[in-house]
Structure formats: structure tokens, C-alpha cells
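**Q** Pasting the sequence and the predicted coordinates here, then a few questions.
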Amino acid sequence: MADQTKEQIDIIDSSQLRVHVEPALSLAVLTFNGCARSDHYKTGVTAVLNLLKEEKLHRVLINCGSGCSIKDEDLDWTFEKVVPEIARGPDLKKVAIIESPNINSRISLMSLFEKLVMNTDIEIQFFEKEKNARSWISEDSNLDF
């Protein structure tokens, strides 16, 4: 880990997904690489949820740009376990999602985040390019939450 910079701290780094923190932006980043197995998906999402609580982060960037396929059972788990936890828990302000090239994945993610928006005040935006997502999510990064 000697090559890691202070700007990015790896939490999980596997062939299917990566979770890292960018403390200067109060940002957790979840990057998918194709279809994640259920155990990897749940581990990654749980890691992000724990980071939001423990590190008091306010932003999440979900990168599905390299492809992202989430199984229906995992979406159900997210609706049942994660969405209620976020709705009553951490002070999450913004979520930026870099869209998957797969239309079915896009639809799944949209329905997932639609439910989150209905239960919280979180700002959520979808992007095609990481540069645009990072620009939007870093707006007001110097605010004192």
C-alpha cells in the first residue's frame, strides 16, 4: 500500500469491484467491473454503507461504466436492507452514478435510486462520463456539514 496517495484509500480491491475513499471530497467510490457475484455485491455495498456511517462521508460515486449487472435478488436485498438504512442513518447528500452500457442495468439502477429519492433528500444524478460525475459531486465540497 505504499503507492497509495492520501487522496484515495482502498477498502476493497478485487477483479469484480473496488471500494475506496477520497477523504478530501467526503466521498466513497464503488466501482463495478461487469457482473458482480451476490457476495461481492453485498460486501461492496455494505462497505460503502459502513464508510458513510463510520467516516461520516456525504457523497457516493457508483461507477458502472465498465459494465454492471445486478441480480434481481441483490436489488431486493438492497431495497429491503440498504435503502431503509440510508433513509434513517448517515447524512448522505449526493450520489453520482456513471451509467452502465447495458440497458437492463440502467433500468435496474434507476428503479433502485428512485426508491431512495422517494425516502430521502439525497440528490442523485446519472452520468455517462466519470469526469462529469466527479465535477457534479465535488460541487460545494468545502461546505461544513
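**A** Everything's here; your move.

**Q** hey, let's count contacts and neighbours off CA atoms from now on
**A** Noted.

**Q** Show me where the chain has its helices.
**A** 38-54, 72-77, 83-88, 103-119, 130-137 (DSSP state H).

**Q** Report the helix or strand with the lowest average pLDDT across the chain.
**A** Sorting the helices and strands of the chain by mean pLDDT, DSSP states H and E puts helix 103-119 at the bottom, at a mean of 73.

**Q** Just the buried residues of it, please?
**A** 105, 106, 108, 109, 110, 112, 113, 116 (16 or more other C-alpha atoms under 10 Å).

**Q** Repeat that for stretch 117-137.
**A** For stretch 117-137, the neighbour count (16+ other C-alpha under 10 Å) marks 122, 124, 125, 126, 127, 130, 133, 134, 136, 137 as buried.

**Q** on that earlier part again, and the least confident helix or strand of the chain, how far out from the chain middle?
**A** Relative to the chain's own centre, helix 103-119 is displaced by 13 Å; criterion: C-alpha atoms, centre = their mean, to the nearest Å.

**Q** I'd like to know which elements that helix is packed against.
**A** If you count contacts as 3 or more C-alpha pairs under 8 Å, 6 or more residues apart in numbering; DSSP states H and E, helix 103-119 packs onto strand 68-69, helix 83-88, strand 123-127.

**Q** re the thing from before, could you dump the buried residues of helix 103-119 into CSV and include distance to residue 11?
**A** Shown next, in CSV, are these (distance: C-alpha to C-alpha, whole Å):
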residue, distance to residue 11
105, 24
106, 26
108, 25
109, 23
110, 26
112, 24
113, 23
116, 24
